[in-house]
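Enquirer: Need coordinates for the below:
(chains A and B)
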Number of protein chains: 2
Amino acid sequence: MRYQLYYWPMIQGRGEYVRLALEDASANYTDVARGEGGSDAMMNMMEANKGTPPFAPPFLKAGKLVIGQTANILLYLGARHRLAPKAEPGRLWVHQLQLTIADFVLEVHDTHHPLGPSLYYEEQKAPAKKRTEEFWDSRVPKYLGYFEDLVAANGGAYVTGRRATYVDLSLFQIVEGLRYAFPKRMQAFEPETPRLVELRDRVAERPNIKAYLASERRIPFNEEGIFRRYKALDV
Amino acid sequence: MRYQLYYWPMIQGRGEYVRLALEDASANYTDVARGEGGSDAMMNMMEANKGTPPFAPPFLKAGKLVIGQTANILLYLGARHRLAPKAEPGRLWVHQLQLTIADFVLEVHDTHHPLGPSLYYEEQKAPAKKRTEEFWDSRVPKYLGYFEDLVAANGGAYVTGRRATYVDLSLFQIVEGLRYAFPKRMQAFEPETPRLVELRDRVAERPNIKAYLASERRIPFNEEGIFRRYKALDV
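Expert: Take a look at the predicted model:
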């Protein structure tokens, strides 16, 4: 099957968790909005007033199916591309972890947009600073500590054991994103989560991921995405 | 099967979406943390360093399975209790809608906690006011308008057509919550989404839901939950 991925063409954003899964699986896909006329096609699909219009990108077209919500797309892909266990208990567990990552990603976004997504960062610099403090004091240790403990408890190379799942690819992206957005804070924090850092390295060395990261298909981090480098927030 | 639901005993919170599904389905369940010693049992399960420890409540014990993340629990229950289609396309679509509701619920929480969950509301009243303005100006119309359009397009009694799913139960809770937290704003807004209000009424009249709402099992809204009534935010 040839998939069509629809996501904002200039950022990694939430679409990146899907891109990493598609790339690791060597899936056949088009990143539609990065092609000519693709953004218009994406907007038209969201404005469709019949069928199953997605609320927001990313969404994936797979044959007749249109699947929205990052974690839902990964739930669909995982079962088909050996990036999640086939049996229900394992499938639900891996999905649960991905939903926890989704919660964390929203909190990352809130560090620079605590007053909401409609205002610019420049309009909310002071609250962003406060929110970022709280994020690093309590939220990062809680979330990343949770995943660190899971890797330790499973004694494996990946978060659920010996085999990589889409959750491992997403954790790679979390470490990369935090390193980009908060280089100083993350450097100070990383000794707390050595296994997660090793997991990040292991994912980066997977041949398909390595090739993807070196390609132009990987959009560089920038200040329009979820992970943004603002000097005032990285002290 | 007898289920054990684990959730904070004093609030509706995210657990309420699960409670509504269990109640509508007449499922056999215990709300563990509301019983003696239940909160300790809940904390112990989260601190387990083997198996599949949940990151946070709610989580559901179903036989040997421990399932966390509200939408994931509903994904599991929906298939078993006729609260979601059985075939994969319908199952993914209903789950996708639930994940969109989960995003909205996080934004509701941010109205009174824009600087993060670790500080009290009283420490962030001014940013809360700004965030709430933006929430009602742009986010509520976007989210509720999306669901209103879906009900209209499907020409049915419920959001995906003639049959109720767990998404309809959650939309009932969203309307109830907004009415509780922002009575003035919601009264002014409701004419924009007449079908959603009708859907809310239809859910409230479902016999099992009606009985649940009249029972002591339904915890009243309060200022510890997601939907909080703060006068300063409802102008």
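Enquirer: which regions of chain A sit below the pLDDT cut-off?
Expert: Along chain A, the parts satisfying pLDDT under 70 run over A:49.
Enquirer: Which residue ranges of it form helices?
Expert: Using DSSP state H, the helices of chain A run over A:15-24, A:38-47, A:70-80, A:88-112, A:125-134, A:140-154, A:166-181, A:183-189, A:194-204, A:207-213.
Enquirer: contacts for the fifth one?
Expert: Just to be clear, that refers to helix A:125-134. A:110-115, A:121, A:230, A:232-233, B:114-116, B:118-119, B:124, B:127, B:130 (Cβ atoms under 8 Å, 6 or more residues apart in numbering or on different chains). (C-beta placed from N, C-alpha, C; glycine too.)
Enquirer: Also the second one?
Expert: The list of residues contacting helix A:38-47 from outside it, by Cβ under 8 Å, 6+ apart, reads A:6-7, A:9, A:31-33, A:53-57, A:59, A:66.
Enquirer: Which one (most neighbours) among those residues?
Expert: Comparing those on neighbour count, residue A:59 comes out first with 28 neighbours (neighbours: other Cβ atoms under 10 Å in any protein chain shown).
Enquirer: one step back: pipe the contacts of helix A:38-47 into JSON lines and attach distance to residue B:180 per row.
Expert: Converted to JSON lines, these look like this (distance: Cβ to Cβ, whole Å):
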{"residue": "A:6", "distance to residue B:180": "36"}
{"residue": "A:7", "distance to residue B:180": "36"}
{"residue": "A:9", "distance to residue B:180": "41"}
{"residue": "A:31", "distance to residue B:180": "43"}
{"residue": "A:32", "distance to residue B:180": "42"}
{"residue": "A:33", "distance to residue B:180": "39"}
{"residue": "A:53", "distance to residue B:180": "29"}
{"residue": "A:54", "distance to residue B:180": "29"}
{"residue": "A:55", "distance to residue B:180": "24"}
{"residue": "A:56", "distance to residue B:180": "27"}
{"residue": "A:57", "distance to residue B:180": "32"}
{"residue": "A:59", "distance to residue B:180": "33"}
{"residue": "A:66", "distance to residue B:180": "34"}
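Enquirer: Keep only those of those residues that are in strands.
Expert: Judged by DSSP state E, the contacts of helix A:38-47 include A:6, A:31, A:59, A:66 as members of strands.
Enquirer: Between the residues you listed, which sits nearest residue A:92?
Expert: residue A:59 (22.2 Å; Cβ to Cβ).
Enquirer: For that closest one, which residues count as its bridge partners?
Expert: residue A:6, residue A:68 (DSSP bridges).
Enquirer: thinking it is in contact with residue A:70, fair?
Expert: No. With contact defined as Cβ atoms under 8 Å, residue A:59 does not reach residue A:70; the gap is 9.3 Å.
Enquirer: Flag every buried residue along stretch A:7-15.
Expert: Using 16 or more other Cβ atoms under 10 Å in any protein chain shown as the test for burial, stretch A:7-15 gives A:7-9, A:11-15.
Enquirer: Many thanks, I have nothing further to ask.
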